[in-house]
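Q: build me a model:
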Amino acid sequence: MPRASLKQRKDGRYCAKYKGKQFLGSTQSEAYAKRDAYKKQIEAGLRAEMEGIGLLQYATSWVHVYKHHVTDRTFGDYVRYLNAFVNAVGDKRISDIVPSDIQKAYNGLSGYSYSYISTYTQLVNGMFSAAVADRIILSNPCLSVKTPKANAGSHRAIEEWERQLILQSAHRFTPAVLTMLFAGLRRGEVLALNVGRDVDFKNMTITVSEAVRFDNNIPIISDPKTEAGKRTIPLLDILADVLQPIQGLVAPSASGTLMSESAVKKAWKSYVIHLETLLNSDIKRWYGNRKGQGEAWLQDHPWQKIDLRTHDLRHSYCTMLYDSGIDIKTAMKWMGHADQTMTLRIYTHLTSEKEAASANKLRSKVNQKIRASMQKSMQNPISA
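A: Have a look, this model is predicted:
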């Protein structure tokens, strides 16, 4: 039976109707195609009342339902990731989003860190998986999308000469640095650490229960990054000796309170300069504030710089656990990782490095034996 002819509206479009819904098209065929596609979706089990829901509306609902258990800080991070995704894709209907939309958003992540890309893509994939389960879409458009390569391994373990400089340092930020290095605390966690409350010298443990985050430079006490961030860590003797004389905060401000974000940055910059002074056995002298004067002094006094970040200290702690033969589940617990992904990535990288070093060692040994054997043969040729 032929389809009924649709009447053209004043705006030039045609309208096909189905159960109170209107489907507009520039031609009759287009209007009917939209209606028929909708009918197939309903027949496939999609929820009619959710058909027109927008991406932003669903993302807002999803993050509150599925991520309500995380800390305020982590929840805020998740909201920022999802807002960035909505801005990249556009606030279109979630049912209209196709893999190319996702790929376009992912392509914009090029150059970001492994952690950022991993969290971003996991959130997006989780949201669309939930939309499938909620019968809003038939399939997850993320499944055929290629995840961009990340700047993995941007953090590093410090070298032995750097460790020795840190152990020699006598700076007001040294206790905080040693706590990150020998207990693996994040920067926010060490800023909130109170020795009298959190360090048990009898049982030789450190309990992490709080962290500091910043809001417009103002320090705010919050929960650690994840629930797994609340943990108890073995207190090493070398760190106990440093923390024993301290009664309150490990890294207090000049007034003894929590440090502001700008104060932390200044303290870290001052600490790195302190290490450079130890390394160069000299104090950097500018003899004035003019740029030319500083450059002239450096020409006569080569200055070895130190490229060190606070998270490198935490990465070094994880490396120390690996070198000590600590199993991955224990390392994950002491590092405060929510799952094994990050710990496993570091452990796998270190295993690869160790295998490469072993292969080079084997290659060197075999080459030495072959060369020695050849030299001996040349000195004592076999008689005919």
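
Q: remind me which helix or strand the spatially most central residue of the chain belongs to.
A: The residue lying closest to the centre of the chain (CA atoms, centre = their mean) is Ser115, at 2.7 Å. In this structure, Ser115 sits in helix 114-133 according to DSSP states H and E.

Q: that helix: what's the following helix or strand?
A: Where DSSP H and E defines the elements, the next helix or strand beyond helix 114-133 is helix 160-168.

Q: okay, the angle between the helix or strand that comes right after that following helix and helix 160-168?
A: Later in the chain than helix 160-168, the nearest helix or strand by DSSP H and E is helix 174-183. Interaxial angle of helix 174-183 relative to helix 160-168 (axes from the mean of the first three to the mean of the last three CA atoms, to 10 degrees): 130 degrees.

Q: which helices and strands does the helix holding Ser115 pack with?
A: Judged by 3 or more CB pairs under 8 Å, 6 or more residues apart in numbering; DSSP states H and E, the packing partners of helix 114-133 are helix 55-66, helix 72-89, helix 99-107, helix 340-379. Any C-beta I mention is one placed from the backbone N, CA and C, and that applies to glycine too.

Q: list the buried residues for the second one?
A: For helix 72-89, the buried set under the neighbour-count rule, 16 or more other CB atoms under 10 Å, comprises Arg73, Thr74, Asp77, Tyr78, Val79, Tyr81, Leu82, Ala84, Phe85, Val86, Ala88, Val89.

Q: and the third one, by the same measure?
A: Applying a neighbour-count criterion of 16+ other CB under 10 Å, one finds Asp101, Ile102, Gln103, Ala105, Tyr106 buried in helix 99-107.

Q: elements contacting it?
A: The elements that helix 99-107 packs onto, with contact taken as 3+ CB pairs under 8 Å, 6+ apart, are helix 72-89, helix 114-133.

Q: among those, which is nearest Asp11?
A: Among the helices and strands packed on helix 99-107, the nearest to Asp11 by CB to CB is helix 72-89 (27.7 Å).

Q: okay, now stretch 211-224: how far is its last residue from its first?
A: Start and end residues of stretch 211-224 are separated by 5 Å (CA to CA, to the nearest Å).

Q: can you tell me what sits against it?
A: Contact with stretch 211-224 is made by 71-73, 186, 188-189, 191-192, 208-210, 225, 229-230, 258-262, 336, as judged by CB atoms under 8 Å, 6 or more residues apart in numbering.

Q: which parts of it are buried?
A: Buried, per 16+ other CB under 10 Å, within stretch 211-224: Ala211, Val212, Arg213, Phe214, Pro219, Ser222, Asp223, Pro224.

Q: what about the stretch 151-300 of the chain, any weak spots by pLDDT?
A: Counting by pLDDT under 70, the stretch 151-300 of the chain has low-confidence residues at 151-154, 282-300.

Q: which stretches of it form strands?
A: With strands called from DSSP state E, counting those that start in this stretch, the stretch 151-300 of the chain shows them at 199-200, 205-208, 211-215, 218-222, 231-234.

Q: got a list of what the closest residue to Asp198 other than its chain neighbours touches?
A: Closest residue to Asp198 in three dimensions, ignoring its sequence neighbours and counting by CB to CB, 6 or more residues apart in numbering: Thr207, at 5.0 Å. Counting by CB under 8 Å, 6+ apart, Thr207 touches Asp198, Val199, Asp200, Arg231, Thr232, Ile233.

Q: which ones are touching Lys361?
A: Applying CB under 8 Å, 6+ apart, no residues contact Lys361.

Q: tell me how far it lies from Tyr322.
A: 18 Å (CB to CB, to the nearest Å).

Q: ok, now Glu30?
A: Per CB to CB, Glu30 is found 61 Å from Tyr322.
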